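Student: predicted structure and sequence below. I'll ask about it afterward.
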Amino acid sequence: MMKQDAYGMTGALSISESSPLRKVDPRTKLALCLAASLAVMLPLQKVAVFFVLYFMFLAWARLLPGALRQIWKLKWILAVLFVVDWLVVSPELAVVVTLRLVIVAGVFAMFFSTTTPSELCLALVWMRVPYRYAFSLGLSFQAVGHINSEWRKILEAQKARGAFSAPSGWRYPVEQVKNLVSLTVPAVVLAAKRAWSMTEAAYARGFESPNRRPYKALLMSRADWFIVSGAAFIFILILSWRLP
Amino acid sequence: MDQKKRIAAAVVIIAALAGAILAVESFRRGGTLYRTFIPGGFSSACVPVFMDAAEIGRFCEADSAKLKKFGFTDKAERKIQQGWFLRDVILLYADEKNLSPETRVTVASESRNKKADLTWRDVAERKNMIILGMSKQGRLKLVSIMKGLDYREQWVQEVDRIEVAR
Amino acid sequence: MKEKYFSTFQLFLLAFFAALIVVAKIALHLPLQLSGHSGIFWMAIIIVSSRVVPKPGAASLVGLTSGIMAAFLGLGDLGALNTLLSYSMAGVGADLALILLRDPENYFCAALAGVFGHMAKFMVKWIFGMIAGAPAGFVALGLAKALAGYILFGALGGFLGALTLRALRRAGFFTYLMEKK
């Protein structure tokens, strides 16, 4: 029932430290990603130009391997869509759909592979998201590793007690779902216990204090302004380009 | 509202949502619903077909029933363009032996002050998909995927005259 | 001092539930080769969260938080934006359904709320497909079959949520929670 080799994946935040975008302000990266995600609306010629520019940018940012990995995950969907669209509609549509899906799939990876959760929290606070909510988001990230190990303990304990002996396969969905209760109940209880410990620790450190000041503040550098204005210029250029 | 009514309402909403998704998708791909609700015929007056300035016929809704419909998805708006091959329409009134590859075929709209000049070679080639499609208002429009006639701006809406000049 | 909508404990609890969804998404694989089957566990957690923190918006917050986390961890096939929106909408869908259905401990209500949440996720994927302009492809992949899968696993997820809530009630979990407000 469980995929044993998948356990190690939790908590594996892969931040690309070597990327020049790593030092860029998260707000700049967020703006870039939002602008890039709008590119899917462009017609074929423009989307093709954007695609080339986008991949050149990823190569400069040393994020191409990560983006290619993301695209590789989509290989079967892309292949089926390409062939079907080519046969049923037209080669132009097949190309434009493929380009758009590749852009959609990869565009926010640029943000998430160069930004830490705490930087995201700072950006959220800047966007007027209450600090408590931003903090709880950071807390979730920190909890992933812990919950993963708890999950494994629960699983092994329940297996030792003889759980998961229901017939497997799609013919027995209700039996399988009932089996899962032995996982969900302890997981929920442990999450609640952990949340209470965190609440007590947070109160002890003055979490709700109105005089709280952030340890680190975001600051837009010259590089940020350069990237934002460059991206805006290219975007306007593509939009104003008149197709023959 | 008691619990049973709430559950019933939720089931209805889910069914409506699922139905809406399937209906929209069916319309988008020109499926059964599209064919049921989008009128197959055209409501406007018949379109005269001329050969060397002499009227040889009028293409009317009844004539369209004799022809098979074809379609393609236009690349700009990804809408399905469906209708009758211009070739088939002309051959309803003209003998193919009288048409050479260089015969000029003009499809015009006086109301739009637009026309498309074509050769019989282009029109006869089914790959070009030179089609007399139907607008939402039930008027004929000339659409195609042939290079030079593959953009909406180049299509002829509200077709009111077809001319064949040998 | 103005009372906060979610207490600190509730906020942290929801954050842990969100983490639980992400861990389950990675670690749990049911032997069902049908689209949407992974939704069973996390629709259950979303339903549980809406009862453990009985305020409108609790499920949405769990969905949004797990969506951001899943996007960071590179989960999902169609990219980070799709992952973020589909997880978030699953929470919003369940939340909206529970405004109507109210009682997540009732098997039917929970199953239907699960269906709503899972369908909201499906709709995000479908709309993404439309924006990308993949009509024929979607048809080829069997939209109706995929939709049926999402409805079935959403319902099973909701059912699991209700089973879990009942088991938690029997175990005295809600009495424990009353002391922790």
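Tutor: Alright, I've got the coordinates.
Student: for chain C, which helix is longest?
Tutor: When chain C is parsed with DSSP state H, its longest helix is helix C:143-170.
Student: give me the buried positions along that one.
Tutor: Taking 16 or more other C-beta atoms under 10 Å in any protein chain shown as the basis for neighbour counts, the residues of helix C:143-170 that come out buried are C:143, C:146-147, C:149-166, C:168. All C-beta atoms are positioned from the backbone trio N, CA, C, and that covers glycine.
Student: same question, stretch B:141-153
Tutor: Residues of stretch B:141-153 classed as buried: B:141-145, B:149-150 (neighbour count, 16+ other C-beta under 10 Å).
Student: just these now: which is nearest chain C?
Tutor: B:Ile145 (15.6 Å; C-beta to the nearest C-beta).
Student: now do the contacts for that closest one.
Tutor: When the contact criterion is C-beta atoms under 8 Å, 6 or more residues apart in numbering or on different chains, the partners of B:Ile145 are A:90, B:72, B:74-75, B:128-129.
Student: hang on, it in a helix?
Tutor: No: counting by DSSP: H, G, I helix; E, B strand; the rest coil, B:Ile145 is not found in a helix; it is coil.
Student: how near is A:Lys159 to A:Lys178?
Tutor: Using C-beta to C-beta, to the nearest Å, A:Lys159 is found at 16 Å from A:Lys178.
Student: hang on, the earlier thing: and chain A, which of the buried residues of helix C:143-170 contact it?
Tutor: C:152, C:156, C:159-160, C:163-164, C:168 (C-beta under 8 Å from any C-beta of the partner chain).
Student: what would the residues you listed look like in JSON lines with distance to C:Ser38?
Tutor: Output for those, formatted as JSON lines (distance: C-beta to C-beta, whole Å):
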{"residue": "C:Leu152", "distance to C:Ser38": "13"}
{"residue": "C:Leu156", "distance to C:Ser38": "11"}
{"residue": "C:Phe159", "distance to C:Ser38": "16"}
{"residue": "C:Leu160", "distance to C:Ser38": "13"}
{"residue": "C:Leu163", "distance to C:Ser38": "18"}
{"residue": "C:Thr164", "distance to C:Ser38": "17"}
{"residue": "C:Leu168", "distance to C:Ser38": "23"}
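Student: please, which helix or strand holds the residue nearest the centre of chain C?
Tutor: To find the centre residue of chain C, average its C-alpha atoms and take the closest one (C-alpha atoms, centre = their mean): that gives C:Met43, at 3.6 Å. Element membership of C:Met43, judged by DSSP states H and E, is helix C:39-52.
Student: is chain B contacted by the next helix or strand after that helix?
Tutor: Scanning forward in sequence from helix C:39-52 by DSSP H and E, the next helix or strand is helix C:58-72. No: Helix C:58-72 lies apart from chain B when judged by C-beta under 8 Å from any C-beta; the minimum separation is 15.2 Å.
Student: out of the contacts of B:Ile145, who's near chain C?
Tutor: The subset of these within reach of chain C, by C-beta under 8 Å from any C-beta, is empty.
Student: tell me which of those fall in strands.
Tutor: By the criterion of DSSP state E, membership of those in strands covers B:Phe72.
Student: related to what we said a few turns ago, how about TSV for the ones next to chain A among the buried residues of helix C:143-170, with pLDDT and distance to chain B added?
Tutor: Converted to TSV, those look like this (pLDDT from 0 to 100; distance: C-beta to the nearest C-beta, whole Å):
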residue	pLDDT	distance to chain B
C:Leu152	90	12
C:Leu156	91	15
C:Phe159	93	14
C:Leu160	92	18
C:Leu163	93	18
C:Thr164	94	20
C:Leu168	93	21
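Student: do you know the pLDDT at B:Ile38?
Tutor: Note on B:Ile38: pLDDT of 52.
Student: for the one 4 residues further on, same thing?
Tutor: The score at B:Phe42 is 57. That number is its pLDDT.
Student: mind telling me what element C:Phe9 is part of?
Tutor: Take DSSP H and E as the rule and C:Phe9 turns out to sit in helix C:8-27.
Student: quick one: low-confidence parts of chain C?
Tutor: C:1-2, C:28-37, C:77-78, C:131-142, C:181 (pLDDT under 70).
Student: leaving out the residues flanking it, which one is nearest to the residue nearest to the spatial centre of chain A?
Tutor: Here the mean C-alpha position of chain A is nearest to the C-alpha of A:Phe112 (C-alpha atoms, centre = their mean), at a distance of 5.5 Å. Nearest non-adjacent residue to A:Phe112, counting by C-beta to C-beta, 6 or more residues apart in numbering or on different chains: C:Phe72, 4.9 Å away.
Student: neighbours of the closest residue to C:Arg169 other than its chain neighbours, just the number please.
Tutor: On the basis of C-beta to C-beta, 6+ apart, the spatially nearest residue to C:Arg169 that is not a chain neighbour turns out to be C:Glu105, at 7.2 Å. In terms of burial, C:Glu105 registers 16 neighbours under the definition other C-beta atoms under 10 Å in any protein chain shown.
Student: ok, now C:Cys109?
Tutor: If you count neighbours by other C-beta under 10 Å, C:Cys109 ends up with 23.
Student: now swap in B:Ile56 and tell me
Tutor: The number of residues packed near B:Ile56 is 16, by other C-beta under 10 Å.
Student: name the residues that touch the host helix or strand of it?
Tutor: Following DSSP H and E, the helix or strand that holds B:Ile56 is strand B:54-59. Here strand B:54-59 makes contact (C-beta under 8 Å, 6+ apart) with B:46-50, B:63, B:89, B:92-94, B:132, B:140, B:162.
Student: ok now it, how far from the chain's centre?
Tutor: Put simply, strand B:54-59 sits 20 Å off its chain's centre (C-alpha atoms, centre = their mean, to the nearest Å).
Student: so how far is chain B from A:Ala223?
Tutor: Applying C-beta to the nearest C-beta, to the nearest Å, the value for A:Ala223 to chain B is 39 Å.
Student: just checking, that residue touches A:Leu21?
Tutor: No: in terms of C-beta atoms under 8 Å, A:Ala223 does not count as a neighbour of A:Leu21; the distance is 9.8 Å.
Student: okay, now the residue in chain C positioned nearest to chain B: neighbour count?
Tutor: For chain C and chain B, the shortest gap (C-beta to the nearest C-beta) falls at C:Leu112, measuring 4.4 Å. Burial of C:Leu112, expressed as a neighbour count using other C-beta under 10 Å, amounts to 26.
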